[in-house]
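Peer 1: mind looking at a prediction? Sequence and model below.
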Amino acid sequence: MHSQAVINQSQESESAHEVIGRLRDSVRSGADWPEALLEAVARWSDPESEVDGRIYRYFIGGEAFDWLLLAERLCLEIDGLAPADEIENLLFTGRLPQRFDESRFKEVLGGDKWRGYLNYFYGVTVEEALQVAVETEIFKRLLSNGNHYQVEVSDEGFRRIYRMTRTDLLKRFRADTGATRQRKMSLSDTKEFTYWLFKLRMMVSDKAKIASDTRKGLDQLARMTTAWRSRSLVTAGRGLS
């Protein structure tokens with residue numbers, strides 16, 4: 001796990017206003033927007049910001065870097081300066097245009113942000129996929145036995161992964177983090193909770209189970225990505241016909 005260094009990587013960093021100004025100037029001057037955007041992400045230092053009443057929280061638990069949320073925030077500043085379809089594809093798929101050499105992602109992002117990105121990928125993205133995978137396994141088993149209406153699949157999934165129900169885990173999460181109880185958790189709150197669950201899993205599971213569950217999450221994520229791309233190709237094909 002990485003520490004607060006993700007946020008505090010440079011006290012001499014540019015202000016958000018300066019980063020945004022350089023981003024706009026670069027794109028207006030002809031720089032390819034994916035490169036300019038990623039360079040702006042690398043220079044950004046504010047842990048969160050507010051735009052039109054919406055809070056953008058880029059660092060989960062102070063160490064997991066939600067780079068795509070920051071990219072979404074920065075894309076607001078180059079609206080009309082970059083192809084709308086390419087920006088939309090980035091925000092929906094998390095993938096930059098093919099012309100951008102993905103092998104340079106780590107290099108441009110920088111060491112601290114890259115480690116924060118990995119924390120987010122495994123601690124939020126893969127952890128969510130693991131939950132889906134386990135719930136799917138439970139549902140299929142119950143369905144084959146004709147018992148799918150008799151068990152709360154989500155709670156059973158949380159018990160298998162974290163040894164507690166979701167309700168009990170939420171109580172412990174709020175006690176540990178000081179989070180206030182709300183009727184409905186925001187997207188940022190859900191990410192914070194998921195990352196907290198990831199760290200809990202690292203503590204309560206042995207090494208073999210950690211490796212097995214992480215692989216299960218990665219496999220589920222790969223299946224979900226493949227399915228999404230297949231649907232996108234079918235939709236695009238219908239649009240051309």
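Peer 2: In hand now; what should we look at? Numbers count the residues shown, from 1 in each chain.

Peer 1: residues of the biggest helix by length in the chain that come out buried?
Peer 2: Using DSSP state H, we find that the single longest helix of the chain is helix 207-240. Within helix 207-240, the residues scored as buried using 16 or more other C-beta atoms under 10 Å are 213-214, 216-218, 220-221. Any C-beta I mention is one placed from the backbone N, CA and C, and that applies to glycine too.

Peer 1: what segments of this structure are helices?
Peer 2: Ranges of helices in the chain, per DSSP H, are 16-28, 33-43, 67-75, 84-93, 105-109, 111-120, 126-145, 153-162, 166-177, 187-204, 207-240.

Peer 1: just so I know, which of those lies nearest D52?
Peer 2: Judged by C-beta to C-beta, the one of these that comes nearest to D52 is helix 67-75, at 11.1 Å.

Peer 1: measure the closest residue to G116 other than its chain neighbours to Y122 for me?
Peer 2: The spatially closest residue to G116, leaving aside those adjacent along the chain, is F65, at 2.9 Å (C-beta to C-beta, 6 or more residues apart in numbering). Separation of F65 from Y122 (C-beta to C-beta, to the nearest Å): 12 Å.

Peer 1: repeat for D79
Peer 2: From D79 to Y122 the distance is 32 Å (C-beta to C-beta).

Peer 1: compare the two (neighbour count), which wins?
Peer 2: Legend: neighbour count by other C-beta atoms under 10 Å for D79 and Y122, higher for Y122 (19 against 9).

Peer 1: check contacts around that one.
Peer 2: Y122 is in contact with 198, 214, counting by C-beta atoms under 8 Å, 6 or more residues apart in numbering.

Peer 1: I'd like the mean pLDDT over stretch 176-193, please.
Peer 2: Mean pLDDT, computed over stretch 176-193, is 85.

Peer 1: give me the residues contacting that stretch.
Peer 2: 55, 57, 60-61, 64, 66, 124, 170, 173-174, 196.

Peer 1: by neighbours, which of those residues wins?
Peer 2: Going by other C-beta under 10 Å, A64 tops the contacts of stretch 176-193 with 28 neighbours.

Peer 1: isn't it right up against Y120?
Peer 2: Yes - in this structure, A64 is within contact of Y120 by C-beta atoms under 8 Å, at 4.0 Å.

Peer 1: how far away is K199 from A175?
Peer 2: From K199 to A175 the distance is 15 Å (C-beta to C-beta).

Peer 1: an error on my part: the question was meant for V204.
Peer 2: V204 is 16 Å from A175, by C-beta to C-beta.

Peer 1: the residue nearest to G116 contacts F59, correct?
Peer 2: Yes - the pair F65 / F59 is scored as a contact, 5.9 Å apart, by C-beta under 8 Å.

Peer 1: compare the two (neighbour count), which wins?
Peer 2: The neighbour count for F65 versus F59, taken as other C-beta under 10 Å, is higher for F65 (28 against 20).

Peer 1: which one of the helices of the chain lies closest to V51?
Peer 2: helix 67-75 (6.7 Å).

Peer 1: the helix or strand of the chain with the lowest mean pLDDT: how far from the chain's middle?
Peer 2: Across the helices and strands of the chain, mean pLDDT, DSSP states H and E gives its lowest value to helix 207-240, namely a mean of 81. In terms of C-alpha atoms, centre = their mean, to the nearest Å, the centre of helix 207-240 is set 15 Å apart from its chain centre.
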